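1. Quick one: sequence and predicted model below, then my questions.
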Amino acid sequence: MRVPNATYRIQFTPEFGFENAQAIASYLADLGISDLYASPIFRARSGSTHGYDVVDAAQLNPQLGSTEAFEALVSELQSLGMGWLQDIVPNHMAYSSENHYLMDVLEHGPDSSYTDYFDLGWNAPFSDRQERILAPLLGDFYGASLEKGDIQLQYEQNGISINYYSLKLPLRLESYTKFLTYNLGKITRTLGRNHPDFIKLLGILYVLKNVPSEVVGKQRQDQIAFIKGLIWELYTTNDAIHDFIEDNLKIFNGKVGDPDSFNLLDELLREQFYRLAFWKVGAEEMNYRRFFTVNELISVKVEDLRVFNNTHSLIHKLVDSGKFTGLRIDHIDGLYNPIEYLERLREKMGDVYITVEKILELTEDLPENWPIQGTSGYDFLNYVNGVFCQVETESWFNNIYQGFIGARVDYPSLVKEKKHLILERNLAGDIDNLAILLKNISSKYRYGNDFTLNGLKRAIVEVLILFPVYRTYITADGIQESDRACIQEVMRQAREQTPLLQHELTFIEKLMLLEFDESLTQTEREQWIYFVKRMQQYSGPLMAKGVEDTTLYVYNRLLSLNEVGGNPSHFGISVDQFHQFNHKHQEHWPHTMNATATHDTKRGEDMRARLNVLSEMAEEWEQQVNIWSHLNQQHRRDRSANPFGISHKFAMPDRNDEYFLYQTLVGAFPFGKEEHSSFVQRVKDYIIKAIREAKVHTAWLRPDNEYEEACTAFIEKVLDPAVSEQFLAAFRPFQQRIADYGIFNSLSQTLLKATAPGVPDFYQGTELWELSLVDPDNRRPVDFEQRRGYLSDIREQIKTDILALIEELLTNKTDGRVKLFLTAQVLKARTEYLELFQNGDYLPLKIEGTHANHIIAFARRQANQTAIAIAPRFLTRLIKPQNYPLGESVWQDTHLQLPSGTSPTWKNVLTHQTLQATNTLSISTALAHFPVALLISSAE
């Protein structure tokens, strides 16, 4: 297996394709990157900027370049000794006209060759639901869309289609008869009954009415293609038939202002295998499984072996040929049976590096029986971020936050509230489906005979809301003890909180724990297991939408802790916890990924590093934020009521959103290079997304324009020097101090990521300062030429006078080159001492002296080699702004205990300085020239 030394995540887009990646490959190699880590590169919806809306996983995405361009990129990487880690999407595809598998299902219904591809109510085991597949893709109510003329029939060579803007859905074969027989007498009179083309048309109509029902699959598709070809031939060769079809299109498409003129089209739409609907309908009436709550992403039944083999055919080919050397699995928790999927994947792909996107709670472990190398790094992200948050100031921050917003906030209660909100507004239809399934099971047992559908639904809701993790992994093979304990604790809490549902909850617990009655038939056992697996598929989306995409935009105590996979109620991580986490990784998952920024993170890694500084300055932060609010009070707008039911008078933005904004500005304010107007627009775009995700005053489902406009106007005014001179005069000095200290946090974080057990992953552009906001802001183009130039200059200066270079980099630290220097130096060390960093033991080092709490240090040891990483933190009490955490005047008597058996001679591979130390090492010596240190020694 090829294990990456360091990965670099590239976001491919139509503007940044294979040729662009080839152009930067040598730069990445020079930086020390061993493996390109690619966003999905398979055929996606036209214009996709992320690649997760796949329409065909068996094809490369032509929007990214030609096959030749792809091969040239692979060749370039291989010539540089680099690998390719590919992000793949097994859970879902785009609900799009470009998805020919789905379009085949919508056209042919149960007779389609691909009905088993998608997670539909049609093909659900133990279900006889045959209602039309929901297509909740309209921007308005169906009737309004129809009568506005937004839904139109079109005819082209591939047949008749139903069109709604860019959406194009096929017409089922049986509907062609209704369309072609309308006004048939007109064409009869025009051509005459004996005209050869009229006879052909009658023959086509006869065939349409008499396609044998037993003809399915490829044979049916061939017959239909033949019929469509005959119609097209008549349309293009006979003017009368051409005009007849065009006239019918005009008649069926109705006339705006005449509702009755749309009756024909309405009747035609009602007989399709799908039901066009307002997109909001998807929240309550859902008969296909989605990715989270996104209607436009329909889930794939990858548990079906045929589907698995088809959707992984190209991936297997590229792995087998050595073009892909690793795989990253997107949204593993969405799958019906994750362990079965991973075992199949491992069997098919062989001994290739595999990681999964898996959100782990702070004390949750990755299942040890998964045949993978680890996660894509969110667990590391939250631990390394938390260690820079000063735990001791938690109570102070509670008081500051609750005092500012004028309310007490209990995080666990807020999580439950927001999960309930998501279940009620976004997942109601999905929960209905679970309840129907459970009702079918319970009705077969005497102790479940009296359970009502409503009672079972309420019980399911209570269970899902209390789930403390993304999901459990119960299968027909049994249940892990950790999952058993989780289920039992959830049920205990649920019974305590909802005593009127005792019986229903006990029944659900019995199912979840697979406590089969001996009298159950094999079919009944399979139905139990199906329910359990289905139930498990919905706890993850609820966590994602209820916590990550709602609660984390409402609970704003300290935004640096509000991250994917994080739990902001945990105010920081102790050094001991950080060491325990790393030791566990080294023991069980030595090749897991260590990330600090991804395409999904809520804010850039250096923005979080800045905001963590606030935890060290609670008193001053409280003073500052209250001063700012007072100065900006004049920019808030009053409102007496809103559509969300708040009747009392309040100012916009509310205090919670205002507090959120001030932290955002402190964290994201540019170092001075970005145009003011660009930054203001980015913040405005971000705040709209944030307040809609919060779902308090506005939401995606129900936007409140007045509140949103008040928030964006507030931002414009507080950032306008002509309007808010006093605020900016108060804000900028404080913000600049935070940014200055944040730089040192960022350098420490970079070192820890690159030296802790695991594979360090670098998100595109983060080798310089990364102050992005949530997507799409974090997917903006990266200036690679600037970075290439910086790196080239740094490498040349390292050869001549490295200490002079370091001094210059620190003097001009706001341009980010100091971070690039550190990244290149530490990755160079990883390459030179590959075995040490990939497999070396992890040894926490004891720190002693005056400032012991301000240092994180550990050793990596393999055979006769040892590396020591030294990273400072909490520097606001040690140095003044614009000073450096260097030398004895700062660190005084602080020192670390060296591992036993090491040589007294150490080399700082970052600064090229040689150090002599026995038993203990002075921090002032290690940090004499640079704010972090990486020392290498070989035993005598």
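-> Arrived safely.
2. what about the closest residue in space to residue 497 that isn't next to it in sequence, which SS state?
-> Distances taken as C-beta to C-beta, 6 or more residues apart in numbering place residue 462 nearest to residue 497, at 6.8 Å, with adjacent residues excluded. Placement of C-beta: from N, CA and C, glycine included. Going by DSSP: H, G, I helix; E, B strand; the rest coil, the secondary structure assigned to residue 462 is helix.
3. Likewise for residue 276?
-> Residue 276 - assigned by three-state DSSP - is strand.
4. Then residue 422?
-> helix.
5. residues near it, how many?
-> 26 (other C-beta atoms under 10 Å).
6. That one touches residue 547, doesn't it?
-> No. If you go by C-beta atoms under 8 Å, residue 422 and residue 547 don't touch, sitting 9.3 Å apart.
7. picking up where we left off before, who touches the residue nearest to residue 497 in this structure?
-> Counting by C-beta atoms under 8 Å, 6 or more residues apart in numbering, residue 462 touches 494, 497-498, 501, 505.
8. Which of the helices or strands spans residue 205?
-> Using DSSP states H and E, residue 205 falls within helix 196-209.
9. packing partners for that helix?
-> Secondary-structure packing of helix 196-209 (3 or more C-beta pairs under 8 Å, 6 or more residues apart in numbering; DSSP states H and E): helix 173-181, helix 184-191, helix 217-237, helix 239-252.
10. Look up how far residue 485 lies from the residue nearest to residue 497.
-> Distance from residue 462 to residue 485, counting by C-beta to C-beta, to the nearest Å: 18 Å.
11. now residue 328
-> 29 Å.
12. now swap in residue 253 and tell me
-> Distance of residue 253 to residue 485, given as C-beta to C-beta: 60 Å.
13. more crowded one of these two?
-> Taking other C-beta under 10 Å, residue 253 and residue 485 do not tie; residue 253 has more neighbours (19 against 12).
14. Could you tell me which residues make contact with the more buried one?
-> Counting by C-beta under 8 Å, 6+ apart, residue 253 makes contact with 149, 152-153, 265.
15. Now compare these and name the two farthest from each other.
-> Farthest pair in those (C-beta to C-beta) is 149 and 153. Separation: 11.2 Å.
16. So for those two, which sits in the more crowded spot?
-> The residue with more neighbours, out of residue 149 and residue 153, is residue 153; 22 against 15, by other C-beta under 10 Å.
17. The more buried one contacts residue 251, correct?
-> No. The criterion here is C-beta under 8 Å, and residue 153 misses it with residue 251 at 9.7 Å.
18. Quick one: the helices in the stretch 551-700 of the chain, in order.
-> Here the stretch 551-700 of the chain has its helices, by DSSP state H, counting those that start in this stretch, at 575-588, 605-613, 618-632, 655-668, 676-694.
19. can you list these in a markdown table and add mean neighbour count?
-> Formatted as a markdown table, these follow (neighbours: other C-beta atoms under 10 Å):
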| stretch | mean neighbour count |
| --- | --- |
| helix 575-588 | 17 |
| helix 605-613 | 28 |
| helix 618-632 | 17 |
| helix 655-668 | 22 |
| helix 676-694 | 18 |
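20. where along the stretch 651-800 of the chain do the strands fall?
-> All strands of the stretch 651-800 of the chain, identified by DSSP state E, counting those that start in this stretch, fall at 759-763.
21. Pass me the low-pLDDT residue ranges in this structure, would you?
-> Scanning the chain for pLDDT under 70 picks out 127-129, 212-217, 640-649, 673, 938-940.
22. domain parsing for it?
-> Using automatic domain parsing, the domain parsing of the chain gives 7-91+302-357, 100-291, 383-394+402-406+559-738, 410-548, 783-832, 839-940.
23. between those, which gets nearest to residue 373?
-> Of all those, domain 383-394+402-406+559-738 sits nearest to residue 373, with 4.3 Å by C-beta to C-beta.
24. where's residue 857 relative to residue 896, distance?
-> For residue 857, the distance to residue 896 equals 5 Å [C-beta to C-beta].
25. Show me whatever sits in contact with both of the two.
-> Counting by C-beta under 8 Å, 6+ apart, the shared contacts of residue 857 and residue 896 are 845, 847, 868, 870.
26. C-terminal to the strand or helix carrying the third one, what's the next element?
-> Secondary-structure assignment from DSSP H and E places residue 868 in strand 865-872. Next helix or strand after strand 865-872 toward the C-terminus (DSSP H and E): helix 888-891.
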